[in-house]
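Q: need coordinates for the below:
(one chain, ligands or ions: 1)
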Amino acid sequence: MNILVTGGAGYIGSHVVEELVEAGESVVVFDNLYTGHREAVDPRAKFVLGDLNDAGAVKRLFDEHPFDGVLHFASHTLVGESMQQPFLYLGDNVTNALNLLRAMVDHNVKRFILSSTANLFDAPERMPIDEKERIVPGSPYGESKFIIERLLYWMDRVHGLRYAALRYFNAAGASPRGNRGEDHLHETHLIPLILQTALGLREKITIFGDDYPTRDGTCIRDYIHVTDLAQAHILALHALDKGSRTYNLGNGLGYSVKEMIDAARQITGQPIKAEIGARRPGDPATLIAGSETIKRELGWAPEFASLEAIIGTAWDWHRTHPKGYEV
Ligand code: UFG
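A: Numbers count the residues shown, from 1 in each chain. Alright, predicted model coming up:
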């Protein structure tokens, strides 16, 4: 298939591009390099520099390439930032998706995969959280993804566009091939911050609150390896002809912030200084995914579910690329 990957220079997008080209698909990456890295894009994919907010550029992209499907990663993705700058999310994320969907409809492209999020579930009634859980977006970021899920629902009903909304829990780890990993200019994610502390690039890691209603008072998350996420995209892409679908994606295992730091101490052999700080606004206490539906329907079988694999591959990436893609 000819696949368009928006945001294919970003953390998750670049790992999915790698697995797509490994699987023999032909890939075009469209990315504004606002947060992504040109070096993260697999050389077997074609790279087009551009912005989804430029509807003319999006139209030209579709005029020039006969796409069979679109994987949409390009997005602002930070819960905390969205609480400070909601228009980046409720504005840009939504209008960029609309520009993309309009071009798809105009060019009769019928397959779409959305990077959605666990931030749809701010008040879960059951843990693990499966697809039947009530949607309560936890931030303007989560709301923007929910709006796009609703746009997709109507694109399916009105235009027969088939979509998969994949709601990731905490994407983590790095390619087991060692050639790409997580590299954000202003890092906010837990595992890279812990590993930068292990490398001595930071003095300490601050734990955002230890008074949550969890076993040790720190927030619990379900960390899912980015390569396992990539495989879920490939399975979903090939299942779209049988209809649209929505899946929650995680390992069904929750680890607290303190447990993650302890695991990283063991894996890296470094002391990793930690201190307790204030809560970060917008953080729910516990998020654990119920991913039985995608396992049952598509046979998704995560290969890198253990903390050793998740933190271990991330550690391999960070210690060989202490400055990320700059080195
Ligand atoms: N944390 C700390 N200290 C830090 C950084 C993070 O204690 O310096 C804690 C957070 O409070 C949270 C956990 O570590 O409890 C994980 O935080 P991340 O920032 O790594 O990830 P989030 O859970 O905030 O968000 C991530 C993605 C979102 C996605 C969400 C879904 O960034 O895009 O997972 O669960 F929506």
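
Q: excluding chain neighbours, what is closest to Phe304?
A: His225 (3.6 Å; Cβ to Cβ, 6 or more residues apart in numbering). In this view, the C-beta of every residue, glycine as well, is placed from N, C-alpha and C.

Q: what's around the one you found, how many residues?
A: Other residues lying near His225 total 25 when counted by other Cβ atoms under 10 Å.

Q: ok, it touching Ala305?
A: Yes - assessed by Cβ atoms under 8 Å, His225 is found in contact with Ala305 at 7.0 Å.

Q: returning to what we had before: per-residue pLDDT, the residue nearest to Phe304?
A: Confidence at His225, expressed as pLDDT, is 98.

Q: and if you look at His186?
A: 89.

Q: so which helix or strand takes in it?
A: Under DSSP states H and E, no helix or strand contains His186.

Q: burial measure for it, as a count.
A: Neighbour tally, His186, other Cβ under 10 Å: 7.

Q: check contacts around it.
A: His186 makes contact with no residue under the criterion Cβ atoms under 8 Å, 6 or more residues apart in numbering.

Q: Asp228 versus that one, what's the distance?
A: Distance of His186 to Asp228, computed by Cβ to Cβ, to the nearest Å: 26 Å.

Q: could you tell me the model confidence score at the residue in the chain positioned nearest to the ligand?
A: Nearest to the ligand, among the residues of the chain, is Cys219, at 3.0 Å (Cβ to the nearest ligand atom). Note on Cys219: pLDDT of 97.

Q: didn't it look like it was pressed against Met260?
A: No - assessed by Cβ under 8 Å, Cys219 is found out of contact with Met260, at 9.9 Å.

Q: for the ligand, what are the nearby residues on the chain?
A: 77-79, 117-119, 169-170, 188-190, 193, 205-208, 219, 221, 257, 280, 283, 287 (Cβ under 6 Å from any ligand atom).

Q: list only those of these flagged as buried.
A: Those of the residues of the chain next to the ligand that meet the buried threshold are 77-79, 117-119, 169-170, 189-190, 193, 205, 207-208, 219, 221, 257, 283, 287, by 16 or more other Cβ atoms under 10 Å.

Q: which residues does the lowest-mean-pLDDT helix or strand in the chain contact?
A: When each helix and strand of the chain is scored by mean pLDDT, DSSP states H and E, helix 79-84 comes last, with a mean of 91. Residues from elsewhere that reach helix 79-84, judged by Cβ under 8 Å, 6+ apart: 76, 88-89, 119, 138-142, 144, 188, 280-283.

Q: and stretch 258-273, by the same measure?
A: 190-191, 194-195, 197-199, 203-205, 207, 210, 216, 218, 223, 255, 274, 307-308, 311-312, 315.

Q: which of these are buried?
A: Here, 16+ other Cβ under 10 Å leaves 190-191, 194-195, 197-198, 205, 207, 210, 218, 223, 255, 274, 307, 311-312, 315 buried among these.

Q: coming back round to it: buried sites along the least confident helix or strand of the chain?
A: For helix 79-84, the neighbour count (16+ other Cβ under 10 Å) marks 79, 81-83 as buried.

Q: dump these to TSV, plus distance to Val27.
A: Formatted as TSV, these follow (distance: Cβ to Cβ, whole Å):
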residue	distance to Val27
Val79	29
Glu81	28
Ser82	29
Met83	34
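
Q: re the thing from before, among the residues of the chain next to the ligand, which are in strands?
A: 117, 170, 205-208, 221 (DSSP state E).
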